[in-house]
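> sequence plus predicted model, see below.
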Amino acid sequence: MTLSFVNLITLPKRYLLLWSFVIIGLFVFLLCTFFPPRWETNDDVAMSMLAHGYGFSLFGSPKILFSNVIWGSFVRAIPTINGILGYSVATLAVLIAVGCVVLYSFLRFGFGGIASLSVLGVVLTGPVIFPQFTINAGLLFIGALLCWRMYAQENNLRVLFVGCCFAFLSYLVRGHQFLLMFLVAFPLLSWGGILRRRSAKIAVLILFLLIALSAVVNKKAYQGEEWKSFNELNPARAAFTDYGAGKLLKKHPDIMKNHGYSANDIDLIGNWFFVDSNIANPKILNSLLSDLGPLSTQANSLTNALSGVQALWHPRLLISLLTALLLFILMPSWKVAASWVLGILAVFLMGLFGRPGVLHVYVPLVSLLLIAPFLVGKISGWRQYFVSGILFVATIANAAYIFSESRKLNFNDRNLLADLTVFPNTPVVVWGDTFPYEAVYPVLGASSAAMSYRHYGFGTSTLAPYTVAYEEQKAGRGFTDIFTKNGGVPVMAHPVYLEMLGIYCQERLNGKMNKLSNQKFGAAEVHFVRCDVKP
């Protein structure tokens with residue numbers, strides 16, 4: 001039997017689903033073969049380390065911090081396949097599942113083969129080559145929306161169930177992104193149909209009960225004395241590391257002086273220096289924030305909000321955003337217009353509260369706006385051909401940009417890996433983005449040498465009880481302990497961080513920092529530094 005777009009659309013549902021799976025599987029396989037996937041951010045590298053116990057994590061744990069502990073348990077249950085860890089397998093599996101639903105639903109809706117495959121290309125090419133867990137959470141919610149749209153059209157309970165599973169997984173992978181997507185998609189949901197159908201009401205009720213239960217399970221997982229320091233500091237530090245509170249405080253030296261903090265102390269906290277409890281003190285940090293006042297009322301808040309909206313025109317988003325806008329013009333709808341308003345408002349508010357331009361949050365949001373017109377209506381006649389043409393051109397343009405970025409980064413990564421073949425496997429302090437995590441720990445598996453490296457990481461997980469940093473501190477070999485000892489401490493850090501460390505040595509330890517030696521690994525460099533304390 002020959003297969004064409006025409007007879008593909010008219011296949012029985014079970015065969016259409018099978019062919020959708022085959023096509024998306026081949027799509028992901030080819031992309032990964034010719035453009036090896038690279039993590040979008042080092043957050044996924046960190047969570048893979050926490051899940052499987054390597055790098056800066058001493059042992060594997062389902063408590064991977066940014067995703068729900070239930071998702072962490074699922075990730076850990078997946079065996080390593082040909083050197084690819086369970087975290088990576090789960091990431092790619094999510095993309096294949098979402099792609100299968102996108103292709104299957106678009107063909108079921110009758111939007112045509114070219115439009116269906118083009119939507120697949122626009123939405124998934126970037127996330128497959130540059131995967132990121134927040135993006136995956138948003139894409140899972142898009143999968144849920146498409147399933148619910150099919151349920152509203154066909155009254156198929158199995159599709160309703162699959163949609164609820166996708167929504168639940170979206171929450172587990174990244175709860176904040178799930179809530180954002182739900183807010184923006186709210187006008188697109190057929191609430192009338194949901195409230196009229198008993199099965200839909202029960203499914204929605206069960207979904208939100210499971211979400212509530214998983215939130216409770218996740219909170220309980222991080223209780224216990226060993227998590228006390230982490231839990232106390234984490235909410236306070238977020239204002240400095242994520243929302244720019246430090247820059248604002250430095251404009252108010254009187255507030256810092258009243259609490260015994262210098263500008264350097266504030267810079268240290270804003271750059272993930274949590275190894276000295278005299279500076280990383282949650283009570284004092286909260287007092288500083290209280291005296292400063294709400295971040296959304298500060299002088300630069302409106303500038304941040306506008307910067308967040310302007311970031312939607314970033315090259316990574318521009319093609320998808322323009323495509324979404326053209327589709328809205330060709331397929332106008334008040335529901336879609338409302339989602340656009342809510343989406344832009346959400347981006348504006350994130351900037352207002354201090355987090356502008358977070359691209360991995362925006363990527364699935366823009367994808368939702370692109371798919372939104374197909375969720376609320378149909379196209380026919382000349383519009384269908386025009387829409388298919390727009391999507392096809394967008395796919396080619398988007399792929400060209402993504403492929404170019406991938407080639408450039410993979411070339412740089414190969415050079416970095418060659419320089420790091422003799423990196424020490426004793427604990428090394430890694431501060432900032434000096435260590436090329438995305439290059440050393442790629443999606444499709446790292447070298448055995450890289451898996452033996454031990455990182456004393458400065459970051460969110462520094463005070464988590466399963467990290468090298470926590471264990472070294474507990475054993476009396478914490479950063480502040482060995483910083484003043486004869487051999488000093490090995491540090492990978494940018495010059496500006498080393499400068500802050502020198503000021504810290506002078507202000508907090510009454511000493512002078514001495515750079516003992518350094519060891520180069522290509523562009524990377526390990527500095528051995530010591531704070532010589534005055535008698």
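Perfect, I can see it now.
> tell me the helices in the stretch 251-400 of the chain, going along the chain?
253-258, 263-270, 282-292, 301-310, 315-330, 334-352, 359-376, 382-419 (DSSP state H, counting those that start in this stretch).
> as a markdown table, these with mean pLDDT, mean neighbour count and distance to residue 531 would be great.
Quick note: C-beta positions are derived from backbone N, CA and C, even for glycine. A markdown table is the format used below for the helices of the stretch 251-400 of the chain (pLDDT from 0 to 100; neighbours: other Cβ atoms under 10 Å; distance: least, Cβ to Cβ, whole Å):
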| stretch | mean pLDDT | mean neighbour count | distance to residue 531 |
| --- | --- | --- | --- |
| helix 253-258 | 92 | 13 | 22 |
| helix 263-270 | 94 | 22 | 14 |
| helix 282-292 | 92 | 17 | 22 |
| helix 301-310 | 89 | 17 | 36 |
| helix 315-330 | 95 | 18 | 42 |
| helix 334-352 | 95 | 18 | 39 |
| helix 359-376 | 95 | 24 | 37 |
| helix 382-419 | 90 | 16 | 29 |
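> distance to residue 119 added to those, as TSV?
Shown next, in TSV, are the helices of the stretch 251-400 of the chain (distance: least, Cβ to Cβ, whole Å):
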stretch	distance to residue 119
helix 253-258	51
helix 263-270	40
helix 282-292	44
helix 301-310	25
helix 315-330	9
helix 334-352	15
helix 359-376	7
helix 382-419	6
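> right, and these - which one's nearest residue 116?
helix 382-419 (8.9 Å; Cβ to Cβ).
> tilt between the closest one and helix 315-330?
170 degrees (axes from the mean of the first three to the mean of the last three Cα atoms, to 10 degrees).
> can you check what angle separates helix 382-419 from helix 359-376?
160 degrees.
> elements contacting helix 382-419?
helix 113-129, helix 315-330, helix 437-440 (3 or more Cβ pairs under 8 Å, 6 or more residues apart in numbering; DSSP states H and E).
> relative to residue 91, which of the helices of the stretch 251-400 of the chain is closest?
helix 359-376 (13.1 Å).
> now for the closest one, which elements pack on it?
Against helix 359-376 (3+ Cβ pairs under 8 Å, 6+ apart) you get helix 86-109, helix 113-129, helix 133-154, helix 175-185, helix 315-330, helix 334-352.
> ok, 7 Å please
With contacts taken as 3 or more Cβ pairs under 7 Å, 6 or more residues apart in numbering; DSSP states H and E, helix 359-376 sits against helix 113-129, helix 133-154, helix 175-185, helix 315-330, helix 334-352.
> before we move on, the earlier item: looking at the helices of the stretch 251-400 of the chain, which is closest to residue 102?
helix 359-376 (7.9 Å).
> restricting to C-alpha, output the closest one in CSV.
These are the backbone C-alpha positions of helix 359-376, laid out as CSV (Å, rounded to 0.1, in the frame of the first residue of the first chain):
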residue,chain,number,x,y,z
LEU,A,359,13.4,32.5,26.9
HIS,A,360,12.7,28.9,28.0
VAL,A,361,9.5,30.1,29.6
TYR,A,362,8.5,32.0,26.5
VAL,A,363,9.1,29.2,24.0
PRO,A,364,6.1,27.0,24.9
LEU,A,365,4.0,30.2,25.4
VAL,A,366,4.6,31.3,21.8
SER,A,367,4.0,27.7,20.6
LEU,A,368,0.6,27.8,22.4
LEU,A,369,-0.3,31.1,20.6
LEU,A,370,0.7,29.5,17.3
ILE,A,371,-1.5,26.5,17.8
ALA,A,372,-4.4,28.4,19.4
PRO,A,373,-6.3,29.3,16.2
PHE,A,374,-6.4,25.5,15.3
LEU,A,375,-8.0,24.8,18.7
VAL,A,376,-11.0,27.0,18.2
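> relative to helix 86-109, how tilted is it?
Using the same axes, to 10 degrees: helix 359-376 against helix 86-109 is 20 degrees.
> ok so, going back, would you reformat the helices and strands packed on helix 359-376 as a markdown table and include distance to residue 37?
What follows is the helices and strands packed on helix 359-376, written out as a markdown table (distance: least, Cβ to Cβ, whole Å):
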| stretch | distance to residue 37 |
| --- | --- |
| helix 113-129 | 5 |
| helix 133-154 | 12 |
| helix 175-185 | 20 |
| helix 315-330 | 16 |
| helix 334-352 | 27 |
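> tell me which of those helices lies nearest to residue 485.
helix 133-154 (38.4 Å).
> just after that closest one, pick out the following helix or strand.
Downstream of helix 133-154, the first helix or strand assigned by DSSP states H and E is helix 157-173.
> could you check the angle helix 86-109 makes with that next one?
140 degrees.
> flag every buried residue along helix 157-173.
Of all the residues in helix 157-173, those buried under the rule 16 or more other Cβ atoms under 10 Å are 159-160, 162-173.
> so where's the protein uncertain?
1-14, 296, 299, 535 (pLDDT under 70).
> nearest the geometric middle of it, what residue?
residue 134 (3.8 Å; Cα atoms, centre = their mean).
> related to what we said a few turns ago, out of the helices and strands packed on helix 359-376, nearest to residue 239?
Once those are compared by Cβ to Cβ, helix 334-352 is nearest, at 14.1 Å.
> give me the packing partners of the closest one, helices and strands only.
helix 175-185, helix 301-310, helix 359-376.
> export only the CA atoms of the first one, formatted as PDB.
When you say that, I think you mean helix 175-185. Extracted as PDB, the C-alpha positions of helix 175-185 are listed here (Å, rounded to 0.1, in the frame of the first residue of the first chain):
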ATOM      1  CA  GLY A 175       4.500  23.300  38.100                       C
ATOM      2  CA  HIS A 176       5.000  27.000  37.500                       C
ATOM      3  CA  GLN A 177       5.000  26.600  33.700                       C
ATOM      4  CA  PHE A 178       1.800  24.400  33.900                       C
ATOM      5  CA  LEU A 179       0.000  27.200  35.800                       C
ATOM      6  CA  LEU A 180       1.200  29.900  33.300                       C
ATOM      7  CA  MET A 181       0.100  27.800  30.300                       C
ATOM      8  CA  PHE A 182      -3.200  27.100  32.000                       C
ATOM      9  CA  LEU A 183      -3.800  30.800  32.600                       C
ATOM     10  CA  VAL A 184      -3.000  31.800  29.000                       C
ATOM     11  CA  ALA A 185      -5.000  28.800  27.500                       C
END
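> who's in contact with that helix?
Contact partners of helix 175-185, identified using Cβ atoms under 7 Å, 6 or more residues apart in numbering, comprise 68, 134, 137-138, 141, 145, 170-171, 339, 342-343, 346, 361, 364-365, 368.
> how near is residue 57 to residue 87?
Look at residue 57 and residue 87: by Cβ to Cβ, to the nearest Å, they are 12 Å apart.
> could you do residue 140 as well?
Counting by Cβ to Cβ, the gap from residue 140 to residue 87 is 16 Å.
> many thanks, we can stop here.
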